[in-house]
Structure formats: structure tokens, C-alpha cells
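Asker: okay, sequence plus prediction incoming.
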Amino acid sequence: MSKNETSLDFLDQLAGQEAAAKELLAYGESLIERAKVAKHRLAEQAAFDRDLNEGSLDSLRRVKERVNTSIDEMIQHTLGIE
Amino acid sequence: MSATLGQTNNTSTSSTPLKIPTVPGFTPINTDLARERSFLRELCTKVANHWTSTFHSSRHLDNLEKVAQFSPKLNAQIAAWTALVPSDDRTPVGNMIATVGGTVGTLIKKGAEEALATIDKFNKGLKDITGYELSTLSGDKRRELSTEQRAKVSALYTSLKGDLTKGEEKFNQIGTELNGVSTAVSALLKKDAEITADLKQKETALASTEINTLAPSLVTILNNIYSQNQTKIFGKLTESANAGPDATTITAAATVATTELEKTQEAMNSIVASVNAAVETVQENKKIRDRLKDSQVPQEGLTVVTVAQATFDAVNEWFTKKADAAESAIKTTFRDTTSENLPASDEATKTFAKNSKEYRDTVQAIGKAILPFDTLVNKTTEETLALFKTTVGDLKAIVEQATVDILNKSDSPEVTMGKLQKLQVLSAKIAEGLKDQLTSPDGLTEDERADFISKMGSAVKDIITPNRFSELFNN
């Protein structure tokens, strides 16, 4: 670059900023999604606990269905079946 | 943008190293919930790694200096966020953490979007001038740019510099807000962990005391009280986080929630103190009763012992019922209360604790006033004893009956205590009067003494007839 030429070093800085901001955006969105999943699972866990404590026939049937589902999921996961 | 994200300027308070809040240690969690709750910790690690690698890979020395400036803040942020992971697996805490985590995510996203909006403007202009965007304008391609293009790019940067700086300031502001949220939530979780540990400690301590016979469900009651209040308090914080996302609101809500947890803790401590006072009363009365049983009183004195014992039994039984009823009332109050009403519940608990202590003191005083009746039995001759036995026996029967009558009435604690205190004063006067006359060395002959006792007995009986008692204690 000659003495007359304008320095464009700020472009490196801005490129770094852009990459950082994009990654942070992705992290923010990921965190929002994870929070949603966590709340959903907590709600499921609470419902499971309620059914288990309630002990009525219907509630125990729901518990049984959930347990069966979990076992099926586990088997599918083990066998690599999606 | 002239500086890296997170850069601090010389006048900003954010350049001052932040005080890292003390956080409770982690307890290994073996439940499935651990996975959900570890997301914040994972995120913090990722963010930390990302920022560190981004800054450290920079080729600009000034950026490295800025990393050094930012490090204390970053470290504090990570420490505070890490503390958001709870040490137990209760759902209200998990819900609150997840919601606050979502809010933190939204704030990060907002900051990133604001930064990108200006960079996008720059990219658009850059593409118009050069045909490339920041990510594709490599060093070789830059060198091929004409002088005119360079000048235009530089002018574009200058025109957007103000916006870039504003974006950067906004991002720093969001970082500060996140720090506030993290610190407030960390303090809240620390308080929650402290109360949980305190409850466990109380459970252990109470298991080995007589409290189990007086209030076997006390630990359950305390756990229920805390659980109910915790659900409400964390629920309110979750509502605030859901309504936002506003870092200021959440920080304020977390601070209020911490105060409310402290109030709950104080209320629970008051309950334990009041029940402890009740236990102490029963224990004291039991000691007196045992002492009476073991004392070598003549056969003639057994009537007195029996009466005194019946009085203590009646007091104990009444007190146990009162203590149970009070606990039940407290439990109901706490079940029905909202977190806003905590101070009122706290006041009710304090009143109960105060009354418990006053009951205890009054009942003990009556016990002490009655005791001389028993000790006098040993100091009388057979002849005097016969008179004494009748007089004192009658008097004690009246006092005992009055005590039982007072305790069996469904008066308020204040009225009951007032009556007990009147009875206490009267019992003490009678006991002291008899003692003085019967033990005075230069006093009366045995005949005179017997005559005095008889007359005094009649006089006292006249004063404290059941009707007079009724009049005295029922009005």
C-alpha cells in the first residue's frame, strides 16, 4: 500500500465483529430454544410426578404409557432407529 | 465499529473489575433434570470460549489490550451465570432458571441483532462499492481495490462510525444489564440453597429432641411452608421474566424475591422458636412433677402431690393442644397467604411465639407458687397437719379447679393468660402467707397456729370461692 492509499485495516476489525455478532446471535437463539425445551421437560416431569402421586387408575395408565414410550425410545436409540 | 464488542472506554464504570458474587458449591445431580439445567453452564462455557478465541485470534494488538480490559468483566459474568445452576432438582427453581435463561438468551440475541443491523448496512454499501462483503473481501482482493474504491469504503465507514459506536455502546449496556440479572439471581439462589441447608439441619436437630412428641409433623410443616412460599416467590419472578424480557425488571424482581425468601426463613425460625418454647414448658413441668413424685413426703401429703400433679397434667395437656392448634393455624395461614402477605403471617407467628413464652412463664410461676404447699407438709405436727391437710387440700383443689376451668375455656390467648396471671398472684400470696405463719420461729403456739390456719383457710376459701373465681376470671 502506497502512502497515498487509504488504510482499510478497520475491515479486519469489522469482519471480526460480524463473525462474533453472528455467533452470539446463534447462541442467543440456542439459549432461547434450550430454555423452551427445559421448561417443557420440567412440565412433563411435574405431570409425571403428579400422576404418580395421584395413583388413580387413569393417572397410573398415563404413567405406564410414558414409561413404555421411554423404553421404546431407548430401544430405538440403542438400535440406531430414528 | 471502531472497537471490539465488550470494549470499555476510560469513563465507563464497566471497566472496573466486578465483584464476583459468592456462590454455593455445586452438588452432583443424578436426575434427568441435570441435563436441562446444565444448559446455562454449557452456554457460559461456549460464550467464554467464543469470546476468548475471537479476541485472542485477533491480529490487532489493540484488540488484545481490550481483551485484557474485558477479562475481569467476562470472568465475573461467567462466575455469576455459572451460579444460576441450582444445587437441587426442585421444579420451581428449574422453571425460574429456564425462564431467566430464556430472557438472557433474548437479551444476547437483541444485542447481537443490533450490532449486526449496522454491520449489514456497511456490508450493503461495501458490496455496492467493491462487489464483496466483509466475509469475502480477502487481503488479495483488497489490494486490487482502486484508490477511488478505497476512499469510498473509508467514507462509508466514517459515515456509519456513529451508528457502529452506538451499537457497541448498546451491546456494552446489555452486558452490564446481564451482569445485574446474574448477580441478583445468584444472590437469590444462594439464599434458597442456604434455607434448604438450614431446613435439613433443623430436621436433623429436631429429630433427637422431645419436639417429636409435641409436634411430630413440625419438619413436614416447615418443608410445606417453604415449598409453598418458594413456588409463589419463584413463580412471580418467572412471571416477570416471561412478561419482559426486561433486565431491569428481572433484576428488581430477583432482589424482591430474595427479600421474600428471607422473610419466609425468619417466619420459619419464629415457628421453631415458639414450638421450642412449648417443649421447654412441658419439660419444666415434667421436672417439677417428677420431683414431687420422688420427694419423701408423708403419706398425708400425697393428696397435695396428686392435686399438683393433676394441675401440671392439665396445663401440659392444654398447652400441647394450644401449640398444635397454633401450628395448624400457622400452617393454614401460610397455605392461604400470598407472598405479598408474608409480613402479616410473620407478625402472627411472632405473636404466637411471644404468647408461648408468656404462657410458659405464667404456668411455671403457678407451679412455683403451689410448691410451698407441698414443702410445708413436712414442717407441721400431726395435729397441725390434720388441719393443714384439710385447708390446704381444699385450697389447692380450688386453685387446681380454677386452673383447669381457665384452660378449658375457649378464650383468646391474651384473656387466658390474664386469668392465669391473676391466679398465679393469688396462689403465691396464699402460699407465702401460710409459709410465713407456719415457719415463724417466734410465732404462735401450735394451738394458735392451728387456729390461725383454720381461720385463714376459711377466709381464703371465702375469698376464692368458686363463685368468686368465676366472677374474677370470667369478667
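Answerer: It's in.
Asker: quick check: buried residues in stretch B:243-263?
Answerer: Across stretch B:243-263, burial judged by 16 or more other Cβ atoms under 10 Å in any protein chain shown covers B:244-247, B:250-251, B:253-258, B:260-261, B:263. (C-beta placed from N, C-alpha, C; glycine too.)
Asker: which of these fall in helices?
Answerer: B:247, B:250, B:251, B:253, B:254, B:255, B:256, B:257, B:258, B:260, B:261, B:263 (DSSP state H).
Asker: ok, the fourth one to chain A distance?
Answerer: As defined by Cβ to the nearest Cβ, to the nearest Å, residue B:253 lies at a distance of 17 Å from chain A.
Asker: could you look up the SS state of residue B:193?
Answerer: The three-state label given to residue B:193 by DSSP: H, G, I helix; E, B strand; the rest coil is helix.
Asker: can you report how many residues lie near it?
Answerer: 19 (other Cβ atoms under 10 Å in any protein chain shown).
Asker: pull up the per-residue confidence for it.
Answerer: With respect to pLDDT, residue B:193 has a value of 84.
Asker: just to check, residue B:122 is in contact with residue A:15?
Answerer: No - in this structure, residue B:122 is not within contact of residue A:15 by Cβ atoms under 8 Å, at 10.4 Å.
Asker: between the two, which is the more surrounded one?
Answerer: residue B:122 (25 against 17).
Asker: what about the more buried one, is that helix, strand or coil?
Answerer: In three-state terms, and counting by three-state DSSP, residue B:122 is helix.
Asker: so residue B:149 is in which element?
Answerer: helix B:147-207 (DSSP states H and E).
Asker: count of neighbours near residue B:117?
Answerer: 12.
Asker: pretty sure residue B:130 is in contact with residue B:144, am I right?
Answerer: No - using Cβ under 8 Å, residue B:130 makes no contact with residue B:144, being 9.3 Å away.
Asker: what is the neighbour count of residue A:21?
Answerer: Neighbourhood size, residue A:21 [other Cβ under 10 Å]: 24.
Asker: quick one: it and residue B:181, what's the gap?
Answerer: Distance, residue A:21 to residue B:181, using Cβ to Cβ, to the nearest Å: 21 Å.
Asker: circling back to that earlier point, ok, residue B:130 and residue B:144, which is more surrounded?
Answerer: For residue B:130 versus residue B:144, neighbours defined as other Cβ under 10 Å are more numerous around residue B:130 (20 against 9).
Asker: so that one versus residue B:148, what's the distance?
Answerer: Residue B:130 is 11 Å from residue B:148, by Cβ to Cβ.
Asker: what does residue B:94 give?
Answerer: Using Cβ to Cβ, which is the criterion applied here, residue B:94 is 60 Å from residue B:148.
Asker: who has more neighbours, those two?
Answerer: Neighbour count, other Cβ under 10 Å: between residue B:94 and residue B:148, residue B:94 has more, with 22 against 9.
Asker: so for the strand or helix carrying the more buried one, what gets flagged as buried?
Answerer: Element membership of residue B:94 [criterion: DSSP H and E] is helix B:91-130. The neighbour-count check on helix B:91-130 (16+ other Cβ under 10 Å) flags B:92-112, B:114-116, B:118-119, B:122-123, B:125-126, B:129-130 as buried.
Asker: can whichever helix or strand comes after it be said to contact chain A?
Answerer: Once the chain leaves helix B:91-130, the next helix or strand it forms, by DSSP H and E, is helix B:139-143. Yes - using Cβ under 8 Å from any Cβ of the partner chain, helix B:139-143 reaches chain A at B:142, B:143.
Asker: CA atoms of helix B:139-143 as CSV?
Answerer: Only the C-alpha atoms of helix B:139-143 are listed here, as CSV (Å, rounded to 0.1, in the frame of the first residue of the first chain):
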residue,chain,number,x,y,z
GLY,B,139,-6.5,-9.4,1.6
ASP,B,140,-5.7,-10.1,-2.1
LYS,B,141,-8.9,-8.6,-3.2
ARG,B,142,-8.4,-5.6,-1.0
ARG,B,143,-5.1,-4.9,-2.6
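Asker: what does that helix contact?
Answerer: Helix B:139-143 is contacted from outside by A:1, A:8, A:11, B:130, B:132, using Cβ atoms under 8 Å, 6 or more residues apart in numbering or on different chains.
Asker: quick check: longest helix of chain A.
Answerer: Assignment by DSSP H; longest helix in chain A turns out to be helix A:10-54.
Asker: any idea of the angle that helix forms with helix B:91-130?
Answerer: 160 degrees (axes from the mean of the first three to the mean of the last three Cα atoms, to 10 degrees).
Asker: which elements pack onto helix A:10-54?
Answerer: Helices and strands touching helix A:10-54, by 3 or more Cβ pairs under 8 Å, 6 or more residues apart in numbering or on different chains; DSSP states H and E, are helix A:57-79, helix B:33-37, helix B:39-56, helix B:91-130, helix B:147-207.
Asker: what does the stretch 101-250 of chain B put close to chain A?
Answerer: B:101-102, B:104-113, B:115-116, B:119, B:122-123, B:134-135, B:137, B:142-143, B:145, B:147, B:150-151, B:153-154, B:157, B:164.
Asker: thanks a lot, catch you later.
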